[in-house]
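Engineer: Here's a sequence, model it:
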Amino acid sequence: MKDTQDTHEFLLQQDTEQTPRLPRDTFSSGFHHELTKRKRAYTVLAVMIGIMGMLIILAYDGNDEVFIVLLVLLLLLGVPVTLYMFVSSTLLSHNNKLLMLKLLVAEDPGLDSAKWDTVAAKSNWNFHNSDPSMTPYFFYDGDACLTYFRENMLQPYSRAQVAEGSNGTSLTTEGTEGTNGTPNRPHLVLPSIKDDPELGPWTKIAVERYLAHLEASIQELVNPQGTTTTTEN
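Structural biologist: Here you go, the predicted model:
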């Protein structure tokens, strides 16, 4: 009940602020945020551990094979369900990915940590608005948002570009020859975010802008004065 009230108060605060608040500014610690973000998964895990403990005690005391069978069934069914709940709490739906990409293009955060905080806060708000079952605490802060962007958008997009460049096609290399003259075996490159008709164009813009900021930052470090040195004869 208290968690529901806290969530309601957190969402009310977003309505009164131009930029929504981050969970980092709301929760006492990252651990508290983790527990709240995956509350359902941790609840199921705690219940499963409790039931398992009870079955182990009953099986040990009564030496009853029924409790052992129930324990095995619980492991076979409960572990996959619990793992799925933990994994699914880290995933974004297609629609939410699109919302995030559009926000990235609009905000163009580059390497500015403050702008990434803004993207994270607004993304959390957008995710929950598009799907009320989605937690409004998805990104803890801008660093978490940037990490998600790198791992789930930048890197897959870059790998897809490399695969297309090396293979000449994203589907197969059948009919071509390897370095030793033997035919290459056909192989399949799984569809990536780059191939998605909706996400692909937005990802391209977001990735190219981020890499442009990164390149500019590197150039500034290499050549801070913006001038080139010449060698005197």
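Engineer: all helices of this structure, in order?
Structural biologist: Taking DSSP state H to define them, one finds helices in the chain at 2-15, 30-37, 39-62, 65-88, 94-107, 113-130, 142-149, 155-167, 199-222.
Engineer: May I see those organised as TSV, with mean pLDDT, mean neighbour count and distance to Pro136 added?
Structural biologist: In this view, the C-beta of every residue, glycine as well, is placed from N, C-alpha and C. Formatted as TSV, the entries for these read as follows, by pLDDT from 0 to 100; neighbours: other C-beta atoms under 10 Å; distance: least, C-beta to C-beta, whole Å:
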stretch	mean pLDDT	mean neighbour count	distance to Pro136
helix 2-15	46	12	6
helix 30-37	86	16	10
helix 39-62	82	14	12
helix 65-88	82	13	17
helix 94-107	94	18	12
helix 113-130	94	19	4
helix 142-149	96	19	14
helix 155-167	79	14	26
helix 199-222	93	15	23
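Engineer: I'd assumed Asp196 was in contact with Ala160.
Structural biologist: No. Taking contacts as C-beta atoms under 8 Å, Ala160 lies outside contact range of Asp196: 10.4 Å.
Engineer: domains for this structure, by residue range?
Structural biologist: The record's domain split for the chain, according to automatic domain parsing, is 2-88, 94-168+189-222.
Engineer: and the longest one, how far apart are its ends?
Structural biologist: So that's domain 94-168+189-222. By C-alpha to C-alpha, to the nearest Å, the extent of domain 94-168+189-222 from end to end equals 39 Å.
Engineer: How far away from the center of its chain is that domain?
Structural biologist: Between the mean C-alpha point of domain 94-168+189-222 and the mean C-alpha point of its chain there is a distance of 10 Å (C-alpha atoms, centre = their mean, to the nearest Å).
Engineer: Tell me which residue is most central in this protein.
Structural biologist: The residue at the geometric middle of the chain, judged as the C-alpha nearest the mean C-alpha position with C-alpha atoms, centre = their mean, is Tyr148 (4.2 Å).
Engineer: Please look at it and Tyr140 and confirm they touch.
Structural biologist: No. In this structure, Tyr148 is not within contact of Tyr140 by C-beta under 8 Å, at 10.5 Å.
Engineer: any idea how far Leu35 is from Leu76?
Structural biologist: With distances taken as C-beta to C-beta, to the nearest Å, Leu76 is found 27 Å from Leu35.
Engineer: Check Asp64 too.
Structural biologist: Spatial separation of Asp64 from Leu35 under the definition C-beta to C-beta is 36 Å.
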